[in-house]
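Novice: generate a structure from the sequence data that follows.
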Amino acid sequence: MALGSGRKNKGQLIPQAHKALDDMKYEIASEMGLPVFQGSEDYWGNITTRDAGAVGGHMVRKMVAYSQAMMSGQEPGANNNLG
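Specialist: Numbers count the residues shown, from 1 in each chain. Okay, the predicted model is just below:
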């Protein structure tokens, strides 16, 4: 069996989260001073790969912090040290 062939749906695990993830992506890009705006919908051709990757890295950090807070019974976003 080929690597990854066991997964039939390659889309999002929770499709309803798309808008929240998109909002997070543009919020982080804005905080980083990147010239992308909601509505440009996935065309970031004028952004360097490094900057686009940094946005994704910040998203992952925020999602991990949120999940850890939820699992530990803390309020998500409170004292999350994401600086």
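
Novice: just the element for the residue nearest to A52 when sequence neighbours are not counted, please.
Specialist: In this structure, A52 finds its nearest non-sequential neighbour in W44, 5.5 Å apart by C-beta to C-beta, 6 or more residues apart in numbering. For the C-beta atoms, the positions are set from N, CA and C on the backbone; glycine is no exception. Here W44 sits in a region with no helix or strand, counting by DSSP states H and E.

Novice: so what's the residue count around W44?
Specialist: By other C-beta atoms under 10 Å, the residues close to W44 number 17.

Novice: try R61
Specialist: 15.

Novice: elements contacting whichever strand or helix holds it?
Specialist: For R61, the host element (DSSP H and E) is helix 49-72. On a contact count with 3 or more C-beta pairs under 8 Å, 6 or more residues apart in numbering; DSSP states H and E, helix 49-72 meets helix 18-31.

Novice: pull the contacting residues for the most centrally placed residue in the chain.
Specialist: By C-alpha atoms, centre = their mean, the chain has its centre lying nearest to M59, at 3.5 Å. For M59, the contact set (C-beta atoms under 8 Å, 6 or more residues apart in numbering) comprises L21, M24, K25, I28.

Novice: which of those residues sits closest to R50?
Specialist: I28 (14.3 Å; C-beta to C-beta).

Novice: wait, doesn't the closest one sit right on H58?
Specialist: Yes: taking contacts as C-beta atoms under 8 Å, I28 lies within contact range of H58: 4.7 Å.

Novice: coming back round to it: gap between the residue nearest to A52 and L21?
Specialist: 15 Å (C-beta to C-beta, to the nearest Å).

Novice: do Y66 as well
Specialist: Where L21 is concerned, Y66 sits at a distance of 12 Å (C-beta to C-beta).
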